[in-house]
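*Asks:* here you go, sequence then predicted model.
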Amino acid sequence: MTLLPSLFGTRPRALLGVDIGSSAVKVLQLGRRGRGYGVEACAVEPMPANAVADDGQIPDPERVADVVRRAVARAGTGVRDVALAMPTTLVIDKRINLAAGLREADMEEQIRAEADQHISFPLAEVDLDFTRLGRAPGDDTSAEVLLVACRKEHVEARVVAAEIAGLHVRVVDVETYALAGASEILRDQLPDFGVGHTVAVIDLGAATLSMLVLHNGVWAYSHDQTFGGQQLTGEIARVCGVTPEEAEKIKCGEALPEAVTAEVLPRFYDDFAQQIQRAMQYYYANPGTARDAVIDVIILAGGSARIPHLAEAVTERLKLPVQPAEPFRSMPMATRVRGKQVQADGPALLVAAGLALRAFDEPD
């Protein structure tokens, strides 16, 4: 068993967030601008079909490395230290209670001794990390600890792809945690900066829908389920008689064929709204959900959030205010950055933003 010291702790001050997805690689570098942040470098490079599996596994790291290398070159940055994210579908996380007075070294030793109770894989095949969250709810004598594990082969495939591309991996995070970290730069678009509100961030990827709930700006719940934009891509390809690559371009374009607007999109809007309702039902059924934590705002993220009129369609169906994520709307941009393109890609860049923000972690 190997503990990942990069998941929680201090970071280099210049760091690229590199989000490797099944449809694209997103690269983002942020810098300090006063009390806020600015975009220093950014690029999105399409991923060839099947180079990354729907569940996030990378069968051929060299093939993915070529895409990562092109993305970093397009971003035009000299920074080579990077933060990566493991897909939530490949990660096991557990909240456990340990004695509150344990030192970090003692806590690590106890976790090593008890990890096989919480992890379903042989420990020799697993990378493991943990962080102390604070006092356990309702028990002042215990500390709540977040335990995170992933099979070594999955971590190594991502790290190897980055290293082949000439990068140095300093952080290995988890997509859900990166999404939660990026909520910091969403506050400007939330009512009352999120205070007194419960916000659901819906990250619609190619194959997975992830819901992150923020209550008073604090991560309260997360859930993943199988549903994504590739279902719409497949329908467009079928109706229009085009390849999946051509359908992907049609999907986020402004001039959609009539067959798509009249038949395909309405069905997808219905399906997507139903999937959000399903995720919300899981949230409300969760024993830890506070009675007053009723979702009143939905933010759409992920590459598929750019589907035309998606926010309006979901608003109509769910009777809740829905808007696409705008993480960079108040951020200054470096001169080499294509500002309009970064703003347009904003919903797809939330995980990369959460990774890039790891450069500004406070020391433990």
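*Replies:* Happy to help now that I have it.
*Asks:* measure Q274 to V64 for me?
*Replies:* Remark: distance between Q274 and V64 (Cβ to Cβ, to the nearest Å) = 33 Å. Where you see a C-beta, it was placed from the backbone N, CA and C, and this is true even at glycine.
*Asks:* ok, R278 - contacts?
*Replies:* The contact partners of R278, taken as Cβ atoms under 8 Å, 6 or more residues apart in numbering, are Q225.
*Asks:* which SSE is it in?
*Replies:* Secondary-structure element containing R278, defined by DSSP states H and E: helix 265-285.
*Asks:* avg pLDDT for that helix?
*Replies:* The average pLDDT for helix 265-285 rounds to 96.
*Asks:* quick one: name whatever helix or strand follows that helix.
*Replies:* Toward the C-terminus, helix 265-285 is succeeded by strand 297-301 as the next helix or strand (DSSP H and E).
*Asks:* would you agree V159 falls within a helix?
*Replies:* Yes: when DSSP: H, G, I helix; E, B strand; the rest coil is applied, V159 is found to be in a helix.
*Asks:* measure it to L98 for me?
*Replies:* The span separating V159 from L98 equals 29 Å under the rule Cβ to Cβ.
*Asks:* any idea how far E144 is from G229?
*Replies:* G229 is 35 Å from E144, by Cβ to Cβ.
*Asks:* neighbour count: those two, which is higher?
*Replies:* When neighbours are counted by other Cβ atoms under 10 Å, G229 and E144 differ, and G229 comes out ahead with 26 against 16.
*Asks:* which residues in the stretch 101-250 of the chain form helices?
*Replies:* Shown for the stretch 101-250 of the chain, the helices assigned by DSSP state H, counting those that start in this stretch span residues 104-114, 152-164, 175-182, 230-240, 244-251.
*Asks:* hey, C-alpha coordinates of the fourth one in CSV?
*Replies:* Listed next in CSV are the C-alpha coordinates belonging to helix 230-240 (Å, rounded to 0.1, in the frame of the first residue of the first chain):
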residue,chain,number,x,y,z
GLN,A,230,-22.5,10.9,-25.6
GLN,A,231,-26.1,9.6,-25.6
LEU,A,232,-27.1,12.8,-27.4
THR,A,233,-24.0,12.5,-29.7
GLY,A,234,-25.1,9.0,-30.7
GLU,A,235,-28.6,10.1,-31.5
ILE,A,236,-27.4,13.0,-33.6
ALA,A,237,-25.1,10.6,-35.5
ARG,A,238,-28.0,8.2,-36.1
VAL,A,239,-30.6,10.8,-37.2
CYS,A,240,-28.1,12.8,-39.4
